[in-house]
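> predicted structure and sequence below. I'll ask about it afterward.
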Amino acid sequence: MCGIFGGIMKDGNVAPIIHQALKRLEYRGYDSVGEATIYGEKLYIKKDCGKIDEVHKIHNLDSLPGNIGIGHTRWATHGAPSEINAHPHIDCGGQIAIVHNGIIENFAELKLELENKGHIFKSRTDTEVIAHLIEEAYKNNPSIRLADAVLETVRKLEGSYAIAVISSREPNKIVCARNESPLVLGLGENALYCASDIPAFLPLTNKAVIIEDGELVTLSLEGYEIRKIADSSIVTRAPKIIDWTPEMAVKQGYPHFMLKEIHEQPACLRNTLRLQEHYLDLMTTFLDRAREVFLVACGTSYHACLAASYMFSKLAFLATYPVIASEFIEQHGKSVNIESTILAVSQSGETADTLAAVNAARQRAATILGLTNVVGSTLTRVSRVYIIQQSGPEIGVAATKTFTSQLSVLAQLALRLAKKRGKISQDEMDFLEAKLKQIPDIVAKIIEKQEENVKAVAKKYRDAKVFFFLGRGISTATAYEGRLKLIEIAYVPAIAFPAGESKHGPISLVEQGFPVVFICPKDETHRTIIGNIMEMKARGATIIAIIEEGDEEVKKLADDYIEVPKGVPDVLSPIPFVIPLQLLAYYMAVEKGHNPDVPKNLAKSVTVK
Ligand code: F6R
């Protein structure tokens, strides 16, 4: 996730306006920043890695001349944070500048083609191909308009993008386009803006036009023209008046970052399906070779590891050991060795306990693999191979979108390993891959259809003193995660167990009205979980069940239920089934008057042991 901005003004210098807009977009990414402007038919660029204030201090971004320009605040996806990889990117001739938010899936093929035609690339980003493709369009047709050159270019792109382009050949225009990454226009008095989000221009204008997927826009001082990328047809769309306060605007109208991030999950999950095959394959090769594999993490990331241990076992017949990082050294520090592989999972890549476990394992020559959300984090530096999960910055302290993204990446690894080891047929593989592709839409549907329902459940149970979360098989991980969310933001004590274990002790707590949340996908565990529900009901428990649509058997037993679409294979089920639990924790916190974004005593990145 990055932030893009473009501005064209009748009078005055645009650079300070871009700078301030990027500050308002900094929550979308903050590892590098850059601006490009045009003045006197010449392109001017300043960019570097670091936060906006740091880069501004060194380069004085506001000194760029001209009334038209673009800017970018980066959250690295391809290529580490560096001056060279910071946006804007330019073509060989230095006439075209582009900023981009998204991931170009076919950039490697396009880059090769362009290199064969003589283009010289400077960065390791996927974005740079766009600048060279536009240059190529000019080469093939010197009289082409910038808008048409961009149109030709975006038709060749696969993946997600919101881009803004300027060219010194047509110095009075900004061309922008969108596919699966957000893009909005702001209509000022004597100025026009394009941006990733409304907050970028809200202090300047509250008149906005939302651009939709598959649209290209040309901005000039005369106004804006929207066209469909597919057939160049003109689209007319009236502006909307935005009545958000600046605080609401940063959260895109959501009351809290946590809710915004819960809603971002379909988009983040789509991003995880665009990871570079090369890294997935490389990591799969290491997992395949390993004599023993430890999945090491803390908190929510540990729950992703727990779910992954079922995925690896069921799909690839690989036994893995999920270990809470703070226990790793005591438990395995002496036995871990050159034949051990550690897959460390950490959203931040900076969690002290996880890094301590990794360092201990490194000292004993174990192989370190990393899954993280932060390019350039310590975990990426100590890993032999790492994968960036592409969730964008997560601001709410409670992990939500980063958890489901981790699950999606881990499922892809398990699937690849299964294929490599010949453990599943091509038909099964095709089936599971197709299901994985449907997951973003399934998650979107759950949020759309069940949010109000979950809200009502939260209201009903707001005064409950304690909760039980039970699941079987892979749903045990979902139950643990549901419990953690509720504890950490709603401050409600909660207990989670594999459902089969509850009768070995915890059931003694249950009395009339004791709320028990059951995670009930219709997988092999369904029959037995019904037995566990009966056991709890017999002792007076109140049952809240997360079920598949149309699961009449559990519906009859439950006091309250929340439905998720049917047909999700068990190995993928934690992704949809955790969504109602995230919403439950969120609405319980809100019902109780707590701010879910900043739970007491917790930090987003725990850098102490
Ligand atoms: C819970 C939560 C924490 C983190 C844990 C590990 O919502 O966010 O439990 O999951 O501190 O953090 P990372 O994944 O950054 O290593």
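Structure's in. What do you need?
> please, which helix or strand holds the closest residue in space to Lys117 that isn't next to it in sequence?
Nearest residue to Lys117 in three dimensions, chain neighbours excluded: Glu136, at 6.7 Å (Cβ to Cβ, 6 or more residues apart in numbering). C-beta coordinates here come from the backbone N, C-alpha and C atoms, glycine included. Taking DSSP states H and E as the definition, Glu136 sits inside helix 128-140.
> may I have that helix as PDB, with CA atoms only?
C-alpha atoms of helix 128-140 as PDB (Å, rounded to 0.1, in the frame of the first residue of the first chain):
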ATOM      1  CA  GLU A 128       9.300   1.500 -13.600                       C
ATOM      2  CA  VAL A 129       8.100  -0.600 -16.500                       C
ATOM      3  CA  ILE A 130       5.100   1.700 -16.800                       C
ATOM      4  CA  ALA A 131       7.300   4.800 -17.500                       C
ATOM      5  CA  HIS A 132       9.200   2.800 -20.200                       C
ATOM      6  CA  LEU A 133       6.000   1.400 -21.700                       C
ATOM      7  CA  ILE A 134       4.700   5.000 -22.100                       C
ATOM      8  CA  GLU A 135       8.000   6.000 -23.600                       C
ATOM      9  CA  GLU A 136       7.700   3.100 -26.100                       C
ATOM     10  CA  ALA A 137       4.200   4.300 -27.100                       C
ATOM     11  CA  TYR A 138       5.700   7.700 -27.900                       C
ATOM     12  CA  LYS A 139       8.500   6.000 -29.900                       C
ATOM     13  CA  ASN A 140       6.000   4.100 -32.000                       C
END
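> pretty sure Lys156 sits against Leu133.
Yes. The pair Lys156 / Leu133 is scored as a contact, 6.2 Å apart, by Cβ atoms under 8 Å.
> okay, those two: which has more neighbours?
Leu133 (25 against 16; other Cβ atoms under 10 Å).
> next one: the more buried one from the ligand, what distance?
Distance of Leu133 to the ligand, given as Cβ to the nearest ligand atom, to the nearest Å: 37 Å.
> pretty sure that residue is touching Lys117, no?
No. Using Cβ under 8 Å, Leu133 makes no contact with Lys117, being 10.4 Å away.
> for the stretch 251-400 of the chain, which spans come out with low pLDDT?
Counting by pLDDT under 70, the stretch 251-400 of the chain contains no low-confidence residues.
> contacting residues around the closest residue to the ligand within the stretch 101-250 of the chain?
Minimum separation of the stretch 101-250 of the chain from the ligand (Cβ to the nearest ligand atom) falls at Val250, amounting to 20.5 Å. Contacts of Val250 were listed using Cβ atoms under 8 Å, 6 or more residues apart in numbering, and they are 24, 27, 199.
> now rank these by neighbours and give me the top one.
Highest neighbour count within the contacts of Val250: Pro199, with 25 neighbours (other Cβ under 10 Å).
> which SS state does that one fall under?
Recorded secondary structure, Pro199: helix (DSSP: H, G, I helix; E, B strand; the rest coil).
> show me what contacts the closest residue to it other than its chain neighbours?
Among residues not flanking Pro199 along the chain, Ala249 sits closest, at 3.8 Å (Cβ to Cβ, 6+ apart). Applying Cβ under 8 Å, 6+ apart, we find Ala249 in contact with 24, 197-199, 202, 242.
> among the contacts of Val250, name the least confidently predicted one.
Lowest in pLDDT among the contacts of Val250 is Tyr27, which has 76.
> center of the chain, which residue is that?
With distances taken as Cα atoms, centre = their mean, Ser391 lies nearest the centre of the chain, 1.8 Å away.
> distance of that residue from the ligand?
From Ser391 across to the ligand, the span is 11 Å (Cβ to the nearest ligand atom).
> sec struct for that residue, please.
Three-state call for Ser391 (three-state DSSP): coil.
> next one: phi and psi at it?
phi -90, psi -10 (degrees, to the nearest 10).
> thought it was touching Ser405?
Yes. At 4.4 Å, Ser391 counts as touching Ser405 under the criterion of Cβ under 8 Å.
> who touches both of those two?
Common contacts of Ser391 and Ser405 (Cβ under 8 Å, 6+ apart): 268, 271-272, 373.
> save those as CSV, and put in distance to the ligand too.
Putting the shared contacts of Ser391 and Ser405 into CSV (distance: Cβ to the nearest ligand atom, whole Å) gives the following:
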residue, distance to the ligand
Cys268, 15
Asn271, 17
Thr272, 15
Asn373, 8
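> among these, which are in helices?
Using DSSP state H, the members of the shared contacts of Ser391 and Ser405 that fall in helices are 268, 271-272.
> on that earlier part again, closest to Ile226 among the contacts of Val250?
Nearest to Ile226, judged by Cβ to Cβ, of the contacts of Val250 is Pro199 at 21.7 Å.
> can you put the contacts of Ala249 in JSON lines and add distance to Ala538?
Putting those into JSON lines (distance: Cβ to Cβ, whole Å) gives the following:
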{"residue": "Arg24", "distance to Ala538": "56"}
{"residue": "Asp197", "distance to Ala538": "52"}
{"residue": "Ile198", "distance to Ala538": "53"}
{"residue": "Pro199", "distance to Ala538": "53"}
{"residue": "Leu202", "distance to Ala538": "56"}
{"residue": "Ile242", "distance to Ala538": "54"}
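> nearest to Ala496, of these?
The nearest member of the contacts of Ala249 to Ala496, counting by Cβ to Cβ, is Asp197 at 36.3 Å.
> show me the contacts for the closest one.
Asp197 is in contact with 3, 25, 28, 182, 184, 249, 252, counting by Cβ under 8 Å, 6+ apart.
> need those in JSON lines with secondary structure, can you?
As requested, the contacts of Asp197 are exported to JSON lines (three-state DSSP):
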{"residue": "Gly3", "secondary structure": "strand"}
{"residue": "Leu25", "secondary structure": "coil"}
{"residue": "Arg28", "secondary structure": "helix"}
{"residue": "Pro182", "secondary structure": "coil"}
{"residue": "Val184", "secondary structure": "strand"}
{"residue": "Ala249", "secondary structure": "helix"}
{"residue": "Gln252", "secondary structure": "coil"}
